[in-house]
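A.B. asks: here's my sequence, what's the structure:
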Amino acid sequence: MRSDVVKKGIPAAPNRSLLYALGYTKEELERPLIGVVCSYNEIVPGHMNLDKIAEAVKAGIRAAGGTPVEFPAIAVCDGIAMGHVGMKYSLVTRDLIADSTEAMAMAHQFDGLVMIPNCDKNVPGLLMAAARVNVPTIFVSGGPMLAGRLNDGRRTCLSHMFEAVGSYYAGKLDEEGVEEYENNACPTCGSCSGMYTANSMNCLTEAIGMALRGNGTIPAVWSARLRLAKHTGMKIMELVEKNIRPRDIMTPKAFRNAESVDMALGCSTNTMLHLPAIAHECGVELSFDTANQVSAKTPNLCHLAPAGDTYMEDLERAGGVYAVMAELAKKKLIDTTLPTCSGKTIAENLEGVVNRDPEIIRPISKPYSKTGGIAVLRGNLAPDGCVVKQSAVAPEMMVHQGPARVFDSEEAAIEAIYAGKIRAGDVVVIRYEGPKGGPGMREMLNPTSAIAGMGLDKEVALITDGRFSGATRGASIGHVSPEAASGGNIALVEDGDTIIIDIPNHTITLAVTDIELAVRRAKWSCPEPKIKTGYLARYAKLVSSADKGAILE
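C.D. replies: Presented below is the predicted three-dimensional model:
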């Protein structure tokens, strides 16, 4: 066993003495040591139940003959961090999580790992660590929260809550109405109930083969989630015995499968940051261009919130991620020969799987659209690309042309939006919020929700070198690369410039001549860094552009 280096022989006697100090018995140390990486904390609603998940995982490990050893991983609640300096510390935790988990796993030589994440950066961070350490590993998340209900019976969720704030500032909702959303939008523990980033990544963990069926969709408060955790604990022992490792599962073809499922589900645009970063750790190159190639032939089958009025519990009832994969398999849009953490191939996993609700998961023959949920656009405003969740864009905004309204920070933009200074037809540009310029590439959920709450989401577009929450809807185009702080053309946009967006043709154009851009560039200089000390300052010096996944180089 890999852990023998700290357990066996006279040279390991000092190591054993410290393990005995923890209360482990000789009998326990004769079994494989399984690291249980638990992201439990008391500030993230998606993580408050992870202590129960960890106990269930440990019970499964013991039942199958292993010795579980728990250690923690951090997690940020993007919703609580939203709209202030805290959001600069969200994306950057992905690398902290990967680094610290790698350090713990390597320092203590575990024979296998069970990862217990749930929220936005926690899932990809642990997938990155799994690829680096490359010992048998399996994932089980905390699960999504249930959708809420307003007093009149309408279902609701966190994206509605953010949009309610915009409605308040537009005079469409009073303070009592906002409070009703406050009290009902997030009714249980779990990752927020729509197809936002956390649920997107938990679903894709199933699709890529690193989690058992139901990981992305079984609600946090259902007892089935605990049973899944126990089975996950049992399954890691089989993976250890057979020495099935993350890089055996997360292959180039597996990432292609993940992107296909991403397009069919209509996942968050943040997957375009996380999948390339995870692939990078596996030695796999996953470029922006792959997304459009996959999207061109993969239909969009699901319209979960914010794209529609259905939620994760509905997707679970309809058959979950496997039912979506079964639809894709009918047209051979995924490779079903690939291995998974179940010990079986995808084809074997899909035996007997049916789509139980064609209204929640559209049949492959009757999709919402013939192309996938995400599109990558290019043009002189974003030579290296930018990303839009096209499945959440109103038809009338798929092609849009309007004057730029330029802001050098999220705060400046939100102040103008709340003050009613944005007009129908405008293209709001928020820059210096990229990975390096932010630093930290904040999510722009407050501005997009304000625009939607004011009823302008079918008339106003928003473009940024920052990123968007999975809860964002509308013509919201992020990840503009190169970013402003790196001298990208987004830094040269001026108020009133015409911007032309053509999502079907994957183009985004700043209607300014090359000569004029050259004149502006000669006058441009990068502003002083917003943060000059601490982790964010180090991060800004190392981080790559968004089109490369904002990896640390």
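A.B. asks: please pull out the lowest mean pLDDT helix or strand from this structure.
C.D. replies: helix 445-453 (a mean of 91; mean pLDDT, DSSP states H and E).
A.B. asks: what is the neighbour count of the closest residue in space to Ala452 that isn't next to it in sequence?
C.D. replies: Leaving aside its chain neighbours, Ala452 sits nearest to Glu163 (4.8 Å; criterion: C-beta to C-beta, 6 or more residues apart in numbering). From N, CA and C alone the C-beta is placed, and that goes for glycine too. When neighbours are counted by other C-beta atoms under 10 Å, Glu163 registers 25.
A.B. asks: can you confirm Glu28 is in a helix?
C.D. replies: Yes: remark: Glu28 belongs to a helix, assigned using DSSP: H, G, I helix; E, B strand; the rest coil.
A.B. asks: that one and Thr67 touch, don't they?
C.D. replies: Yes: with contact defined as C-beta atoms under 8 Å, Glu28 reaches Thr67; the gap is 4.5 Å.
A.B. asks: which one of the two has more residues nearby?
C.D. replies: Neighbour tally, Glu28 and Thr67, criterion other C-beta under 10 Å: the higher count belongs to Thr67, 21 against 16.
A.B. asks: my understanding was that the more buried one contacts Tyr24; is that so?
C.D. replies: Yes: counting by C-beta under 8 Å, Tyr24 is a contact partner of Thr67 at 7.0 Å.
A.B. asks: so after the least confident helix or strand of the chain, what's the next helix or strand?
C.D. replies: Toward the C-terminus, helix 445-453 is succeeded by strand 461-464 as the next helix or strand (DSSP states H and E).
A.B. asks: list of residues touching that following strand?
C.D. replies: Applying C-beta atoms under 8 Å, 6 or more residues apart in numbering, the contact partners of strand 461-464 are 381, 386, 397, 400, 402, 426-431, 433, 444, 447-448, 451, 474-478, 480, 490, 499, 501, 508.
A.B. asks: show me what secondary structure element comes after it.
C.D. replies: As assigned by DSSP H and E, the chain's next helix or strand after strand 461-464 is strand 476-481.
A.B. asks: what strands line up against the next helix or strand after that following strand, and which way round?
C.D. replies: Next helix or strand after strand 476-481 toward the C-terminus (DSSP H and E): strand 498-502. Sheet pairing of strand 498-502 (DSSP bridges) gives strand 399-407 (antiparallel), strand 507-510 (antiparallel).
A.B. asks: now do the buried residues in strand 498-502.
C.D. replies: The neighbour-count check on strand 498-502 (16 or more other C-beta atoms under 10 Å) flags Ile499, Ile500, Ile501 as buried.
A.B. asks: let me know the closest of the residues you listed to Ile34.
C.D. replies: Of all those, Ile34 sits closest to Ile501, with 49.5 Å by C-beta to C-beta.
A.B. asks: ok, what's across the strand from the closest one?
C.D. replies: His400, Ile508.
A.B. asks: would you confirm that it contacts Gln401?
C.D. replies: Yes: shown here, Ile501 and Gln401 form a contact pair, counting by C-beta under 8 Å, at 7.2 Å.
A.B. asks: and Val114, that one's in a strand?
C.D. replies: Yes: assessed by three-state DSSP, Val114 belongs to a strand.
A.B. asks: neighbours of it, how many?
C.D. replies: Neighbour tally, Val114, other C-beta under 10 Å: 30.
A.B. asks: mind checking which of the contacts of strand 461-464 are buried?
C.D. replies: Using 16+ other C-beta under 10 Å as the burial test, these include 381, 386, 397, 400, 402, 426-431, 433, 444, 447-448, 451, 474-478, 480, 490, 499, 501, 508 as buried.
A.B. asks: circling back to that earlier point, distance to His231 and mean pLDDT added to the strands paired with strand 498-502, as TSV?
C.D. replies: Formatted as TSV, the strands paired with strand 498-502 follow (distance: least, C-beta to C-beta, whole Å; pLDDT from 0 to 100):
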stretch	distance to His231	mean pLDDT
strand 399-407	48	98
strand 507-510	46	98
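A.B. asks: Throw these into JSON lines and include distance to Thr340, thanks.
C.D. replies: Below are those laid out as JSON lines (distance: least, C-beta to C-beta, whole Å):
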{"stretch": "strand 399-407", "distance to Thr340": "40"}
{"stretch": "strand 507-510", "distance to Thr340": "37"}
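A.B. asks: among those, which comes closest to Leu204?
C.D. replies: So among the strands paired with strand 498-502, strand 507-510 is nearest, using C-beta to C-beta, at 25.9 Å.
A.B. asks: helix or strand next in line after the closest one, which one?
C.D. replies: On the C-terminal side of strand 507-510, the nearest following helix or strand under DSSP H and E is helix 514-523.
A.B. asks: give me the contacts around that next one.
C.D. replies: Asn380, Gly487, Asn489, Leu492, Glu494, Leu510, Val512.
A.B. asks: try 10 Å this time
C.D. replies: Helix 514-523 is contacted by residues Asn380, Gly487, Asn489, Ala491, Leu492, Val493, Glu494, Asp497, Leu510, Val512, Thr513, Trp524 when judged by C-beta atoms under 10 Å, 6 or more residues apart in numbering.
A.B. asks: pull the number of nearby residues for the fifth one.
C.D. replies: To tie it back to what came earlier, the one meant is Leu492. For Leu492, the count of nearby residues is 23 (other C-beta under 10 Å).
A.B. asks: with the second one instead?
C.D. replies: Other residues near Gly487 come to 14 when the count uses other C-beta under 10 Å.
A.B. asks: then the third one?
C.D. replies: Other residues lying near Asn489 total 19 when counted by other C-beta under 10 Å.
A.B. asks: check contacts around it.
C.D. replies: Gly379, Asn380, Leu381, Ala382, Pro383, Val480, Pro482, Leu510, Val512, Leu517, Arg520, Arg521.
A.B. asks: try 7 Å
C.D. replies: By C-beta atoms under 7 Å, 6 or more residues apart in numbering, the residues touching Asn489 are Asn380, Leu381, Leu510, Leu517.
A.B. asks: most widely separated two among the residues you listed?
C.D. replies: Using C-beta to C-beta, the contacts of Asn489 reach their maximum pairwise distance at Leu381 and Leu517, which is 10.2 Å.
A.B. asks: please report the distance of Arg362 from Thr464.
C.D. replies: 31 Å (C-beta to C-beta, to the nearest Å).
A.B. asks: cool, Met234 as well?
C.D. replies: 45 Å.
A.B. asks: okay, the two: which has more neighbours?
C.D. replies: Thr464 (31 against 19).
A.B. asks: give me the phi and psi angles of the residue nearest to the more buried one when sequence neighbours are not counted.
C.D. replies: Excluding its sequence neighbours, the residue lying closest to Thr464 (C-beta to C-beta, 6+ apart) is Ile430, at 4.2 Å. Main-chain dihedrals, Ile430, degrees, to the nearest 10: phi -120, psi 120.
A.B. asks: list the beta-bridge partners for Ile430.
C.D. replies: Beta-bridge partners of Ile430, counted by DSSP bridges, are Phe407, Thr464.
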